[in-house]
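> Here's my sequence, what's the structure:
(one chain, ligands or ions: 1)
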Amino acid sequence: MFDIIVNFKAYREGYGNHGRELLKNLCNLKKEGYQVSFAVPFTELYLSREFKGIISQHVDPYSTGAHTGSILMEQLIEYGINASLLNHSERRLNRDIILESIKFSESLNFKLYICSESLSETIFLCENGAKYVAYEPPELIGGDVSVSTSKPDIIRESSDICKSYGTKLLVGAGVKNSSDVSISRTLGAEGILVSSGIVKSKSPEDSLNSLMI
Ligand code: G3P
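Sure, this is the predicted structure:
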């Protein structure tokens with residue numbers, strides 16, 4: 001199964017009434033062999049819980065208790081949401097927190113897509129039990145040059161490393177079209193993360209459809 005994660009970030013198009021309309025339209029698109037998830041803003045998680053494939057953009061490694069402002073895995077699970085991005089370039093965490101999060105997620109069978117900015121970070125994550133790593137070179141995020149055209153060697157190397165640990169590799173940044181998907185797949189990625197190419201697109205459904213080749 002090839003994973004596509006659409007990250008709504010905090011784009012204006014991604015929350016409130018039009019955010020939920022966008023989500024509803026994108027959720028209708030399906031293709032065999034693809035699993036599409038939607039990382040919606042925190043404020044949308046509860047209202048979006050009826051849709052399939054909703055994940056959080058961030059989560060904290062704590063159990064219930066006095067943790068003001070935290071997003072708990074247990075709270076998300078309560079609403080049927082069993083996965084989150086972690087350590088996104090726009091929400092970086094220190095390594096101790098990442099390690100705690102991995103451990104805690106295992107105890108709850110909660111899925112973490114942990115973002116990595118480099119090969120060395122990917123190795124660190126694999127060595128420490130990450131099941132999903134999402135490689136995103138920060139300088140390409142939100143731009144028109146995609147990770148697949150700009151960093152093919154790193155994708156290939158990351159894929160080899162991830163495979164040797166039984167970790168699934170996703171890649172993202174600048175993904176806009178089917179060729180980005182097919183190159184990434186050929187290089188060994190098992191999924192992609194995409195944001196502006198869908199959320200900021202004039203025709204988000206067509207854009208998402210075009211990635212499911
Ligand atoms: O999480 C995905 C994101 O960081 C990539 O953004 O706009 O380059 O697709 P974008």
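
> tell me which parts of this structure are close to the ligand?
The chain has residues 7, 88, 136, 141-142, 172-175, 193-197 near the ligand, with proximity defined as Cβ under 6 Å from any ligand atom. C-beta coordinates here come from the backbone N, C-alpha and C atoms, glycine included.

> Among those, which ones are in strands?
Asn7, Gly172, Leu193, Val194 (DSSP state E).

> mind listing the helices for the protein?
16-27, 42-45, 73-78, 95-108, 119-127, 147-150, 152-165, 178-186, 196-199, 204-211 (DSSP state H).

> List the buried residues in the last one.
In terms of neighbour count (16 or more other Cβ atoms under 10 Å), helix 204-211 has its buried residues at Pro204, Ser207, Leu208, Ser210, Leu211.

> got the angle between it and helix 178-186?
40 degrees (axes from the mean of the first three to the mean of the last three Cα atoms, to 10 degrees).

> Helix 204-211 - contacts with which helices or strands?
strand 2-7, helix 16-27, helix 178-186, helix 196-199 (3 or more Cβ pairs under 8 Å, 6 or more residues apart in numbering; DSSP states H and E).

> related to what we said a few turns ago, could you dump the helices of the chain to CSV with distance to Val59?
Output for the helices of the chain, formatted as CSV (distance: least, Cβ to Cβ, whole Å):
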stretch, distance to Val59
helix 16-27, 19
helix 42-45, 10
helix 73-78, 6
helix 95-108, 7
helix 119-127, 16
helix 147-150, 24
helix 152-165, 21
helix 178-186, 25
helix 196-199, 21
helix 204-211, 24
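
> Name the stretch among these that sits most buried.
Mean neighbour count (mean count of other Cβ atoms under 10 Å) peaks for helix 196-199 among the helices of the chain, with a mean of 23.

> Please tell me how far that one is from the chain's geometric centre.
13 Å (Cα atoms, centre = their mean, to the nearest Å).

> can I have that helix written out in CSV, keeping just the CAs?
C-alpha atoms of helix 196-199 as CSV (Å, rounded to 0.1, in the frame of the first residue of the first chain):
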residue,chain,number,x,y,z
SER,A,196,0.7,23.1,-1.0
GLY,A,197,0.4,21.0,-4.2
ILE,A,198,-3.1,20.0,-3.0
VAL,A,199,-4.2,22.4,-0.3
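
> what's the closest of the helices and strands packed on helix 204-211 to Tyr62?
strand 2-7 (23.3 Å; Cβ to Cβ).

> Report the angle between that closest one and helix 178-186.
Using the same axes, to 10 degrees: strand 2-7 against helix 178-186 is 130 degrees.

> Just name whatever secondary elements strand 2-7 is in contact with.
strand 34-39, strand 168-172, strand 191-194, helix 196-199, helix 204-211.
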